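In: Fold the following and give me the result.
(chains A, B, C and D)
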Number of protein chains: 2
Amino acid sequence: MTRREEIIKVAKTLFREQGYKSVSMRDLAKAMDLKAASLYNHISSKEEILAEIVLGVAYFFTKEMELVKSLKADSKTLLEAVINHHIELTLNNPEAIAIVNNDWIHLESSHFEEFLELRNAYEQDLRDMISRGIEAGEIMPNNTEVMLFSMLSTLRTLHSWYRRRSGIDGEALKNDITEILLNGIVAKPLKKIYQP
Amino acid sequence: MTRREEIIKVAKTLFREQGYKSVSMRDLAKAMDLKAASLYNHISSKEEILAEIVLGVAYFFTKEMELVKSLKADSKTLLEAVINHHIELTLNNPEAIAIVNNDWIHLESSHFEEFLELRNAYEQDLRDMISRGIEAGEIMPNNTEVMLFSMLSTLRTLHSWYRRRSGIDGEALKNDITEILLNGIVAKPLKKIYQP
DNA sequence: CCTACCGATCGGTAGG
DNA sequence: CCTACCGATCGGTAGG
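Out: Next up, the predicted model:
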C-alpha cells in the first residue's frame, strides 16, 4: 500500500465517523502520525480525497450495473443480482458507501456533476429493469418510482444498520433482504379463494 | 412568528441545502439581512438551533408513536398508521426531516444522547409491533431486524426523493408506499395451487 | 441591531 | 517529511 493509499484509507474511517466537513487536514495528519503539511506531498487537496472515494464507488457501481445488464435473464433475476452486488459492496467497503451517501454534496462542481451523471444513469437502468418487469407481468404494476426509491433507500443505508450488528452472515443477509424487498412483509393468506 | 422562529426557519432551509457544518453564522445572518452578532440576541449558539430542529422532530415522532400504540387494532393496521404519520411529517416538514437524518451527528453530547434515546425507543416500539404481528400470523416470519430496517430506511429518506418530484398527491403516495412496503413488488401467481 | 474585535482553526504554500 | 507561516474564516463576546 502506497502512502497515498494509506492516507485515503485513514480518511475513509474519519470521514465516515465525523463527516467530511468535520475532519480537518490536521485531524487526518495526526491519525497518520505526521504533520498536516506533509499530506500535501501525496495529495493535492482535501477535496481530492473525497472525490477519489466517492467517484471510486460510483464507477464501481456503474461497472457492476453494466455486468448485470448484459445478463440474459428475467427481471426478477436481474433485480436480485443488483441487490446482491449492493450488499456485497456494503459488506466489503461500508465506510466508502457511507461517505458517498453523506458527503457527495461537498464535491466540487466538476466532480459533483460527474457523480450525479453516474448516479442518474444507474437509477435509470434500475428503473428500466422494473418497467420491463411490469410489462412482462413479473413485477406488480405499482408506482415504478416508489418501487425504485424504496429499493434504493434500503440498499443505500444498509451500511448504517449493518454496522450496529455483530458479524452477520453475508449470504443470509442477501436472502433476507431480497425476500423482503421483493415480496414484502405481510403474510399472504394462500387459501383465500376457498373462503366466501 | 417571532424573530427567533424566523431564524430557525431560515436555518432549516440552509442546513438542508448545504449541511449544518457548511453553513456559517454569517451565512445565516446574511440570509436574514442582518449581521452575525445580531443573531445572538435571539439564540445563544449555533448548536442550539440544530438541537431545536432535531429534537423537535424526535419528540414529534415519539408523540405520534404513543398515539399509535394506544390504538386497539391488528399489527398491520398499526404499521400502516406509523407509515402514514411518517409520510405526513415528511410532506409537511421535509427540511427538518432531512436535517435530522444528516446532521444529528453534530449534536453536542447531552443533546446527542437525548436524541439517541428517543430514536432507540421509537425503533423498539416498531420492532415490538412487527414481532407481535409475526406471533399473530399477520406478518411473515422473516428476519425482524431486516424488516424493521428496510421500512425505516425507506421512510427516513423519503424527503430526498419527494423533493425531486413535482407536487405528488399525498394520499396516493401513502397508498403506494404502504402497498410496496407491506406487500413487496413481485407479482404473485394467484392460481399457483392449480398448477402441477 | 450594529461596529469592532477576540482567539482558534481552517486549507494550503514556501522552502528546505 | 518538517518548521514556519499565509490569508481567510470560524463561533462568539463586549459594549453601546
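
In: Around DNA strand D, pick out the residues from chain A.
Out: By the rule C-beta under 7 Å from any atom of the strand, the part of chain A lying against DNA strand D is A:3, A:29, A:34-38, A:41-42. Placement of C-beta: from N, CA and C, glycine included.

In: So which of the residues you listed belong to strands?
Out: Residues from these lying in strands, with DSSP state E as the criterion: none.

In: Using JSON lines, lay out these together with pLDDT, distance to chain B and neighbour count.
Out: Formatted as JSON lines, these follow (pLDDT from 0 to 100; distance: C-beta to the nearest C-beta, whole Å; neighbours: other C-beta atoms under 10 Å in any protein chain shown):
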{"residue": "A:3", "pLDDT": "96", "distance to chain B": "28", "neighbour count": "13"}
{"residue": "A:29", "pLDDT": "98", "distance to chain B": "19", "neighbour count": "18"}
{"residue": "A:34", "pLDDT": "96", "distance to chain B": "25", "neighbour count": "14"}
{"residue": "A:35", "pLDDT": "97", "distance to chain B": "24", "neighbour count": "11"}
{"residue": "A:36", "pLDDT": "97", "distance to chain B": "19", "neighbour count": "13"}
{"residue": "A:37", "pLDDT": "97", "distance to chain B": "24", "neighbour count": "10"}
{"residue": "A:38", "pLDDT": "98", "distance to chain B": "25", "neighbour count": "13"}
{"residue": "A:41", "pLDDT": "97", "distance to chain B": "27", "neighbour count": "11"}
{"residue": "A:42", "pLDDT": "98", "distance to chain B": "25", "neighbour count": "16"}
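
In: among these, which are in helices?
Out: Here DSSP state H is the test, and the residues of chain A next to DNA strand D give A:3, A:29, A:36-38 as lying in helices.

In: and those residues as a markdown table, adding distance to residue A:158?
Out: Compiled in a markdown table, those are given as follows (distance: C-beta to C-beta, whole Å):
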| residue | distance to residue A:158 |
| --- | --- |
| A:3 | 32 |
| A:29 | 32 |
| A:36 | 34 |
| A:37 | 38 |
| A:38 | 36 |
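
In: Could you list the domains of chain A?
Out: A:1-44, A:57-194 (automatic domain parsing).

In: of all those, which lies closest to DNA strand C?
Out: Distance to DNA strand C, taken as C-beta to the nearest atom of the strand, is lowest for domain A:1-44 among the domains of chain A, at 3.2 Å.

In: Return the residues of chain A in contact with DNA strand C.
Out: Near DNA strand C, when you scan chain A using C-beta under 7 Å from any atom of the strand, you find A:23-27, A:36-37, A:40, A:44-47.

In: The same query, at a cut-off of 6 Å, please.
Out: Contact residues (C-beta under 6 Å from any atom of the strand) of chain A with DNA strand C: A:24-26, A:36-37, A:40, A:45-47.

In: buried subset of those?
Out: Those of the residues of chain A next to DNA strand C that meet the buried threshold are A:25, A:46, by 16 or more other C-beta atoms under 10 Å in any protein chain shown.

In: I appreciate the help and will end here.
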